[in-house]
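J.: Fold the stuff below for me.
(one chain, ligands or ions: 3)
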Amino acid sequence: MNIILLGPPGAGKGTQAKILQERYHIGQIATGDMLRAEVKAGSELGKVAKAIMEAGELVPDDLIITMLRHRLAQPDCQHGFILDGFPRTVPQAEALDAMLASQKQDLRAVILLKVDEDVLVDRIAGRFSCAKCGASYHDVMHPTIKAGICDKCGATEFVHRPDDNPTTVKQRFTAYNNQTAPIVPYYQGKHIYYEVDGMADMNDVTAAIEAALRKAGVAAPSAAAAD
Ligand code: ADP
Ligand code: ADP
Ligand code: ZN
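T.: Ligands and ions are numbered 1, 2, ... in the order given. Now for the predicted structure:
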């Protein structure tokens, strides 16, 4: 089962993808996380991507498509994946369809998380994550249970993304509205497109995504069946 989570910066894609990953036992592929790892490693791609990400613009399609092609060729992707942060342009959406078709795979659902821009600004301003395991938190809306200690792994180091500053965020919204929003009609025409209210509480957003997945014919996850 292959799923795409779409939505503007701060919509909750990463948060929900991590929950779905555990419940449905399929891998999360977050192109932003992959790019940040490339930047950290100082690779050729990382060197190119760093300045673009700091400016809040999109990394060129050919680079990002090549990166994703390599990722999708790995064995763990053959059993399904959740894409978070890809595609972000119509050419990326087209390239993904071609890649999946060549592997005799398809998309089960494309889910848009809808969130108003003023809420996105607050979410991004308070976002931080665990430096060790990457678990994502929010100062007010999703703090760690014990102050200063990661719920997931117990680490005590946290990071704020350098691109989560007001100037860059503004540019990222512009990139989303101009380059990413146009992929919605691309998927609407394919009858695999669902919209979810991303303004709700995290658990309610998860429930709404699972309802959309049921409509798409995906069986309830084993954890829910056991409840
Ligand atoms: P994205 O991956 O779409 O950029 P994140 O999943 O990183 O978004 O979420 C952005 C911030 O908002 C994080 O700090 C996260 O903890 C918080 N967040 C995510 N979903 C919700 C929600 N439904 N309600 C309140 N805060 C949320
Ligand atoms: P967010 O969670 O806030 O939506 P991401 O972590 O997905 O942000 O992406 C961070 C940055 O990485 C983007 O602003 C962009 O510069 C780059 N990036 C990530 N995915 C893509 C993509 N599919 N195409 C182009 N650039 C991308
Ligand atoms: Zn952690």
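J.: For the closest residue to Asp164 other than its chain neighbours, what is the enclosing helix or strand?
T.: Distances taken as CB to CB, 6 or more residues apart in numbering place Ile124 nearest to Asp164, at 5.1 Å, with adjacent residues excluded. Yep, even glycine has a C-beta here, placed from its N, CA and C like the rest. According to DSSP states H and E, Ile124 maps onto helix 117-125.
J.: Specify the next element, helix or strand, located C-terminal of that helix.
T.: Scanning onward from helix 117-125 (DSSP H and E), the first element met is strand 127-130.
J.: so what secondary structure elements neighbour that following strand?
T.: Contacts defined by 3 or more CB pairs under 8 Å, 6 or more residues apart in numbering; DSSP states H and E place strand 127-130 against strand 136-138, strand 158-159.
J.: Briefly note if the last one comes near ligand 2.
T.: No. In terms of CB under 6 Å from any ligand atom, no part of strand 158-159 sits within range of ligand 2; the closest distance is 12.7 Å.
J.: likewise stretch 165-174?
T.: Yes. Contact of stretch 165-174 with ligand 2 (CB under 6 Å from any ligand atom) involves Arg172.
J.: tell me which residues in that stretch are buried?
T.: Going by neighbour count (16 or more other CB atoms under 10 Å), the buried part of stretch 165-174 is 168-169, 172-173.
J.: Same question for stretch 200-214.
T.: Applying 16+ other CB under 10 Å to stretch 200-214 flags 205-206, 208-210, 212-213 as buried.
J.: now Gln179, what's its secondary structure?
T.: Recorded secondary structure, Gln179: helix (DSSP: H, G, I helix; E, B strand; the rest coil).
J.: Now do the same contact list for it.
T.: 58, 88-89 (CB atoms under 8 Å, 6 or more residues apart in numbering).
J.: Output the set of residues of the chain in proximity to ligand 1.
T.: Applying CB under 6 Å from any ligand atom, one finds that the chain approaches ligand 1 through 7, 9-15, 123, 126-127, 136-138, 141-142, 201-202, 205.
J.: Just the buried residues out of these, in PyMOL syntax.
T.: To isolate the buried ones among the residues of the chain next to ligand 1 in PyMOL, judged by 16+ other CB under 10 Å, type:
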select buried, resi 7+9+10+11+12+13+14+15+123+126+127+137+138+142+205
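J.: Give me the spatial nearest neighbour of the residue in the chain positioned nearest to ligand 2, chain neighbours excluded.
T.: Among the residues of the chain, Gly32 lies closest to ligand 2, at 1.9 Å counting by CB to the nearest ligand atom. Excluding its sequence neighbours, the residue lying closest to Gly32 (CB to CB, 6+ apart) is Gly85, at 4.6 Å.
J.: got it, and Ile111?
T.: Tyr194 (4.9 Å).
J.: hang on, isn't that neighbour packed against Val110?
T.: Yes. Counting by CB atoms under 8 Å, Tyr194 does reach Val110; the two are 7.1 Å apart.
J.: neighbour count winner among those two?
T.: Neighbours per residue (other CB atoms under 10 Å) separate Tyr194 from Val110, with Val110 holding more: 25 against 18.
J.: Please enumerate the helices of the protein.
T.: With DSSP state H, the ranges of helices along the chain come out as 13-24, 31-41, 44-54, 61-72, 90-102, 117-125, 166-175, 183-188, 202-215, 222-226.
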